[in-house]
Structures are given as C-alpha cells and as structure tokens.
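**Student:** Got a sequence here, can you build the structure:
(chains A and B)
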Amino acid sequence: MQTTGVRRRRSTSPWAEAWRRFKRHRLAVVGIVVILLMIAMVTIGPLLWKVQINDIDFGARLQTPTATHPFGTDDLGQDLLARMLSGGRISISVGLSAMLMAMVVGVAIGAVAGISRGAIDAALMWVTDLFLSLPLLPLLLILTYLFRDALKSAFGPEVGIFILVVTVIGAFGWMPVARLVRAQFFSLREKEFVEAARALGASVPRQVVRHILPNALGPVIVAGTINVAAAILLESTLSFLGLGFPPDVPTWGRILFDSKEYLDIAPHWALFPGTAIFLTVLCINFVGDGLRDALDPRKVL
Amino acid sequence: MGTYLLRRLLIAVPSLLGISIVLYTVLALAPGDPFGEMLLNPNVPPEVVQNLRRQFGLDDPIWLRYFHWLAAMLKGQWGFSFISRIDVDRLILQRLPVTLAVIGLSQVLALLIALPVGIYSAARPYSWFDRIASTLAFVGFSLPTFFTGLLLILLFSIKLDWLPFVYRADLSATGWQWWWEEIKQSIMPIAVLGLFQGASWTRYVRSSMLDVIRLDYVTTARSKGLRERTVVLKHVVRNAMIPVVTLVALTMPQVFGGAVVTEQIFRVPGIGSLLIDAIQRNDTPVVMAVTFVFACLVIAFNLIADLLYGWLDPRISYR
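**Tutor:** Sure, this is the predicted structure:
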C-alpha cells in the first residue's frame, strides 16, 4: 500500500488510507450507497410488503403501477413489487455466492501456481487459459440442461437450481482471479520481507498465508467486486433464456423472460426488473472502479 | 510470418483438444444416458439409436469412446437432429452464415465506436469529452444485452413503429426493396451487440493509449516537431493496439454469449437460437455440435488475434 509520505498522518492505517482514496471517486460512493440500499430493500422488503409473490388475481391482470400494486401486476395479476423483492434476494445472493466460489478456486489455483512455478505452474496456467477460451454461455446452458433434473430431485427445485447456477457460474469465473494472484505471487515472493520470513525458517504455507496472501489481496478484492456483477448478469441471462430458475422462483431475469411477450401492452413489467439488473450491475462496476483506485495503485485493467 | 502462423496453428491444436476434453467430460458426467430419451421416443426406431450409440461409441472403454467421439466431431459427423429431421452438420451450415454476419458486423460497429472515442479520450484525459465518454462506457457495458434488446424493441418497434422486431429469413421482397428490408431488420440485433462490445473496448483503448502516450519515444516524436495528430495516430495508436488485441481476443467467448442472447430476442435464425431451441427440445446431438462449433469459433478468433498481434508487433513473430 503506497503512502503519501509527508501528508500522511501518523495514525492512518492502510485501510483508512484506502477509504480516503475510495471517497474521492464520487460515483463509486454513490454506487455503494445504492447497493446497500438495494440489499436492505430485498432483505427487509418482503417483511414489510406482505403481498405473496404467487397471489393470483385475474381481476387485476397487467395493471400499470397503482397504490395497491406500486410496480403493477403481471399476466396472472401477481404483484410485481413482491416478486421483484423476492427475486432480488435470489439474484444478489447468487451473485455473492458465485463470486465467493470463484474467489476461493481462483486464489487457490493462483497461489499454488505462483508459489510452485515450474511444471505445476505451467500445467495450471494451461488449464486457466483453456477455461478462458471456452465458449462460456453455451457451456453454462449445456451444464444446466444436463444436470438440472438430477439436482432438482436431489435438493428440491429451488435449492437444486440455486446450487447448480452458483456452481456453474463460479466454476467459470475463477480464471482472471487465478492469473492476478499468480502475478502478485511472482513479484511478492521475491520481496525482502518474504525473504526475511524464509530466512527465519517460516514454512511455505506460513509464508503464503501470513506474508504473501495479505499483500496480494488488493487486486483480488477488485476482481471479486467485478465478479459479483458478472455473476448477476450471467444468472439473469440464464433465467432470461428460460433456462435458469423455474417460473415459480421469480429472479429478475426470470421476470424479464416472462414479460417479453407482453412488451407492447405492459412495458412496465419489463422495465422494472431490467432497470434493477442494470442499476445493480452499474453500481457494482462503479464500486469496483473506485476500489481499483483505492487498493491497486498500479491501475491494471 | 509463415513459420509464426504454423506455430500458432500448432498451439491451437492442444487447446482444441482441451476444449473437446472438457466438452466430453461434461457429456460423460451428465446423469443418465444422453440417448436415453430417444429410446423412449416412439418416433425414433431402435436401430437408429443403436447406430448412434455405435457412432458415438457408447459401448467402448472411455478413452476409446473419447477418440471416436473426437474423430466424429472433426469429420463433421455430428449426428441427426430428430426435431428438424435433417443432418446436424447441414442444419448448422444453414444457420452459421447469419450468426457470422451478425457477429462480424457488430464487431465492426464496436470498433467504429471504440477506436475514435477511446483515442480521442486518451488524447485529452479528464476533459469533459473524456468524462462523458467514460461514464457512457460504464453505462454501456453494465446494460445487459437482453435488456438493451427489449428497450430498443420497445422504442423503435412498438412506440415508433420504425423497425420490425422479429427477424424474418424469408423476405418476400426482391432487389433494392429486399436490401432495405434486410437492413431494417438487422439494425437492432447488430446495434445491441455492437454497443455493448464497443463500450467495453472503449475503456481498453483509452487505458492502453494512456499507458503508451507517456513513453519516452512519444516525447521524442513530439520534440522532433511532428504534429500532435501524426504523433497520436501514427506513433501511439499502433503500439497501444497490441494489448487491446489481446483483451479483445479474451472477450471473444463473451461476444458469442451475447450473440446467443441477441439471436434469441430478435429470433434471428442463427446457431445461437438453434442452441436454445435444441436445449428446450432435448435435441442432444444439435446441442453438442453447436457448442463444439462455438468452441472452434473462439479458437479461430484467437488465431486471428494472434496474427494481428504478429502484424502489429513484428518482434513477436521472430521470437
């Protein structure tokens, strides 16, 4: 973490310094506020807005926003606000879980490659490059298509598909992280403080966990943030193509998928979930950009 | 250049093998028999299933099965589509040109946006133009393609009624009229894909330009008295493009993903919508073949990127 020398007050920790730099990126601050608001809405929203997501009311089909249905209704007269709130829970938790999975795999592979070098490194990087050149979406579609029924019967429709979507998205999101971590390891393992630890007799795992990894975290956090946005987008895409969550689990992408046949008579039905996805992804991207300024002084793309 | 091309081709072979191994593993790990559905389907005679089992070598040991499968894939024997009642390779050949046209034209559009905007932004960093362009670029690649598609349909097809929202392969018009209709129905799919790609490339171009413009040789060119225009366009751009080409090649899989979505929204009869249809109808041979074609396309585009790379930076091809 680079410090500004003279201007730096004595008590500033690296994290406070990073926060100071993050605050300078105004759009990133706006982004993080919006995201926190959205997370708060989808967590406590369903407790306050007590309309059931599957209350069918044919008397109120395809209504535009009114006081009783602030976001309008869909073709079965189901309340869209309730569906959006419950769908947001799933979309956001898919994003976070898939990111966590991609992070764990990516850091593990990158760390092993970075510390061992030689043949192991070459093999791991070959695998990484291979995964990078796989046609992502067709493979995701194929995997959900092939494994959907097995997981549905094993864990029930909702949990089964959740596990499937998270695993599949996470399994194809670790490559950039692995590359970043490996690059960081290459430069950090030659630094004096690691050499000192080595000279003091620290074992390789201790060098990695105590000394190298904490210093490699900055870019990894940035990559992780971007990963959440990518995962939310992928889940929405799968659902939008009708191959993600089942119709009774209204994720944002799924609502959009159901709405597209009614675009001419009920545009609000598509606009609300679409805007929600767009806003979430945009804010996460802004936060990622701000974090890059704050944590990664080299500003790699 | 010749040996360089040969070397890149040789490097492409292991990655093709790797992708085929991944695909095959997915197929082999999948629960149940991929041809099990056909056994239950009364329209499919049992000897056809037996033939297919033999063709895909389902009764042999696993490594032999893989090689049989790979050989069949490479020879273009991709099986028979039971939904369309036609050989899979012919089906794909019918659909492939549309996909390639949509992807190709949208990439051209993306380049036409990204190059000028990125270069101009980097020439005047933190100016108003740069700030607006950067923010718009952020908006552009945060807007998911499926939402942009719906928004365009809502605006241009439903509200304004300018453009048709369903792509039709069988236009009745002829001559100039045909071209006009074709252009009208292709604008939106190409724009959706091109704008998304253009937005992310703008950022690559800008940041790569900013890295190069600081270098000493650029200062030298300026102090020789060259005009700023010549310095930027002749000296900076070429070197700045080298990392951009790599990044563009890396985003190629993403482009194909976007193509699948776009084709699905506008019902463009390409291999992307074919894939979705095949998945929804459990047409396994078509699903596998389309994915394999997508993988080959990714590798082909990576090769093109490598060639561009060698042309931009001649040192690479001699190494």
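**Student:** residues contacting the residue of the stretch 201-319 of chain B found nearest chain A?
**Tutor:** Of the residues in the stretch 201-319 of chain B, the one nearest chain A is B:G257, at a distance of 3.2 Å by Cβ to the nearest Cβ. Quick note: C-beta positions are derived from backbone N, CA and C, even for glycine. Listed by Cβ atoms under 8 Å, 6 or more residues apart in numbering or on different chains, the contact set of B:G257 reads A:135-138, A:237.
**Student:** Can you name the residues in contact with the helix or strand harbouring A:V33?
**Tutor:** The secondary structure element spanning A:V33 is helix A:26-48 (assigned by DSSP states H and E). Applying Cβ under 8 Å, 6+ apart, the external contacts of helix A:26-48 come out as A:22-23, A:82, A:85-86, A:88-89, A:92, A:276, A:279-280, A:282-287, A:289-291, A:293, B:135, B:138.
**Student:** Does A:V281 belong to a helix, a strand or coil?
**Tutor:** Three-state call for A:V281 (DSSP: H, G, I helix; E, B strand; the rest coil): helix.
**Student:** Now for it, how many residues are close by?
**Tutor:** Using other Cβ atoms under 10 Å in any protein chain shown, the number of residues around A:V281 comes to 24.
**Student:** Kindly provide the distance from it to B:P45.
**Tutor:** When Cβ to Cβ, to the nearest Å is the yardstick, A:V281 and B:P45 sit 49 Å from each other.
**Student:** State the distance from B:S207 to A:P219.
**Tutor:** Relative to A:P219, and taking Cβ to Cβ, B:S207 is found at 15 Å.
**Student:** Same question for B:G140.
**Tutor:** To A:P219, B:G140 is 24 Å away according to Cβ to Cβ.
**Student:** And A:F162, by the same measure?
**Tutor:** As defined by Cβ to Cβ, A:F162 lies at a distance of 29 Å from A:P219.
**Student:** do B:L275 as well
**Tutor:** 35 Å.
**Student:** Show me how to select, in PyMOL, the buried members of the contacts of helix A:26-48.
**Tutor:** The buried subset of the contacts of helix A:26-48, as determined by 16 or more other Cβ atoms under 10 Å in any protein chain shown, is captured in PyMOL by this line:
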select buried, (chain A and resi 22+82+85+86+88+89+92+276+280+282+283+284+285+286+287+289+290+291+293) or (chain B and resi 138)
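**Student:** tell me the centre residue of chain A?
**Tutor:** In chain A, the residue lying closest to the centroid (Cα atoms, centre = their mean) is A:V228, at 1.2 Å.
**Student:** one step back: which ones among the contacts of helix A:26-48 lie within helices?
**Tutor:** Counting by DSSP state H, the contacts of helix A:26-48 place A:22-23, A:82, A:85-86, A:88-89, A:92, A:276, A:279-280, A:282-287, A:289-291, A:293, B:135, B:138 in helices.
**Student:** Reformat the contacts of B:G257 as CSV; add distance to B:S15, pLDDT and secondary structure.
**Tutor:** As requested, those are arranged in CSV below (distance: Cβ to Cβ, whole Å; pLDDT from 0 to 100; DSSP: H, G, I helix; E, B strand; the rest coil):
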residue, distance to B:S15, pLDDT, secondary structure
A:P135, 12, 81, coil
A:L136, 15, 81, helix
A:L137, 19, 84, helix
A:P138, 16, 83, helix
A:T237, 25, 89, helix
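**Student:** Chain B next: which of those residues are close?
**Tutor:** With the criterion set as Cβ under 8 Å from any Cβ of the partner chain, the members of the contacts of B:G257 near chain B are A:135-138, A:237.
**Student:** Please name the nearest non-neighbouring residue to residue 267.
**Tutor:** Using chain A. Across the structure, with Cβ to Cβ, 6 or more residues apart in numbering or on different chains as the measure, the residue nearest A:P267 apart from its sequence neighbours is B:L154 (5.5 Å).
**Student:** try again with chain B
**Tutor:** B:R267's closest residue in space is B:V166 (Cβ to Cβ, 6+ apart), at 5.0 Å.
**Student:** Tell me, how many residues neighbour the one you found?
**Tutor:** 11.
**Student:** pLDDT of the helix or strand containing B:T99, averaged?
**Tutor:** When secondary structure is defined using DSSP H and E, the element that contains B:T99 is helix B:88-123. For helix B:88-123, the mean pLDDT works out to 88.
**Student:** what inclination does the helix or strand A:A111 falls within have with respect to helix A:26-48?
**Tutor:** Assigned by DSSP H and E, A:A111 belongs to helix A:80-116. When axes from the mean of the first three to the mean of the last three Cα atoms, to 10 degrees is applied, the directions of helix A:80-116 and helix A:26-48 differ by 130 degrees.
**Student:** Can you work out which other helices and strands pack against helix A:80-116?
**Tutor:** Helices and strands touching helix A:80-116, as assessed by 3 or more Cβ pairs under 8 Å, 6 or more residues apart in numbering or on different chains; DSSP states H and E, comprise helix A:26-48, helix A:118-132, helix A:157-171, helix A:175-188, helix A:213-240, helix A:252-259, helix A:267-295.
**Student:** So which bits of the second one are buried?
**Tutor:** Put plainly, it is helix A:118-132. Taking 16+ other Cβ under 10 Å as the neighbour-count basis, helix A:118-132 is seen to contain the buried residues A:121, A:124-125, A:127-128, A:130-132.
**Student:** any idea how far the closest residue to chain B within chain A is from B:A72?
**Tutor:** Here the residue of chain A nearest chain B is A:L137; by Cβ to the nearest Cβ that distance is 3.2 Å. Taken as Cβ to Cβ, the spacing of A:L137 relative to B:A72 amounts to 24 Å.
**Student:** More neighbours: the two, which one.
**Tutor:** Neighbours were tallied for A:L137 and for B:A72 using other Cβ under 10 Å; the higher tally belongs to A:L137 (26 against 15).
**Student:** So, low pLDDT: which residues of the stretch 51-200 of chain B?
**Tutor:** Confidence mapping of the stretch 51-200 of chain B against pLDDT under 70 gives the ranges B:53-60, B:82, B:171.
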